[in-house]
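Participant: Starting from these lines, generate the structure:
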Amino acid sequence: MPVDENGFLGAEILHWIKKHRNENQAWFDLCLKLNRLCHTILPTFQIDNNNGQEVICATLFIRALGFYQAAIILAERGLINEAKVILRSLFDVTFAHCAVAKSEDYNGPQNSDSVISYTWEIKGGGPSGTNAKEVSAFI
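Facilitator: Reported below is the predicted structural model:
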């Protein structure tokens, strides 16, 4: 299947993946090392299902790892702008994760989508939010 017929979904993309990985081997090696570290950590989670903060932090960690892997997959195929979009999502999840993890008395939403909205919109900590400085300092 030629690239001009199937774009990034054809078998020819394997050539581009190899090329991009070779040209940026040090970066991809670092990314894979961090990925392996995350996968080493995952099975060690001991989460109290009655503790909303622990459940949300674990969920956000897993979501962040998915975004991280998606960005690597896109980058190795040469889809750099698309990888940057995914990295923005990774940052949003990471900021929310840090905010929840640092909260000594977390009593916010109990699902990950709502946590991100809560962290950035309700608390006014988004890029132009009224409390952006305070939320950034907290994170």
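Participant: can you give me the helices in the protein?
Facilitator: Along the chain, counting by DSSP state H, helices occupy 3-6, 13-23, 25-41, 52-76, 80-102, 112-117, 132-138.
Participant: would JSON lines of those with mean pLDDT and mean neighbour count be doable?
Facilitator: Heads up, the C-betas are built off the backbone N, CA and C, glycines and all. Below are these laid out as JSON lines (pLDDT from 0 to 100; neighbours: other Cβ atoms under 10 Å):
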{"stretch": "helix 3-6", "mean pLDDT": "73", "mean neighbour count": "11"}
{"stretch": "helix 13-23", "mean pLDDT": "92", "mean neighbour count": "13"}
{"stretch": "helix 25-41", "mean pLDDT": "94", "mean neighbour count": "12"}
{"stretch": "helix 52-76", "mean pLDDT": "91", "mean neighbour count": "18"}
{"stretch": "helix 80-102", "mean pLDDT": "89", "mean neighbour count": "17"}
{"stretch": "helix 112-117", "mean pLDDT": "54", "mean neighbour count": "17"}
{"stretch": "helix 132-138", "mean pLDDT": "51", "mean neighbour count": "13"}
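Participant: Could you double-check that Arg63 lies in contact with Thr94?
Facilitator: No - under the criterion of Cβ atoms under 8 Å, Arg63 makes no contact with Thr94, lying 9.6 Å away.
Participant: Identify the residues contacting Ser89.
Facilitator: For Ser89, the contact set (Cβ atoms under 8 Å, 6 or more residues apart in numbering) comprises Phe67.
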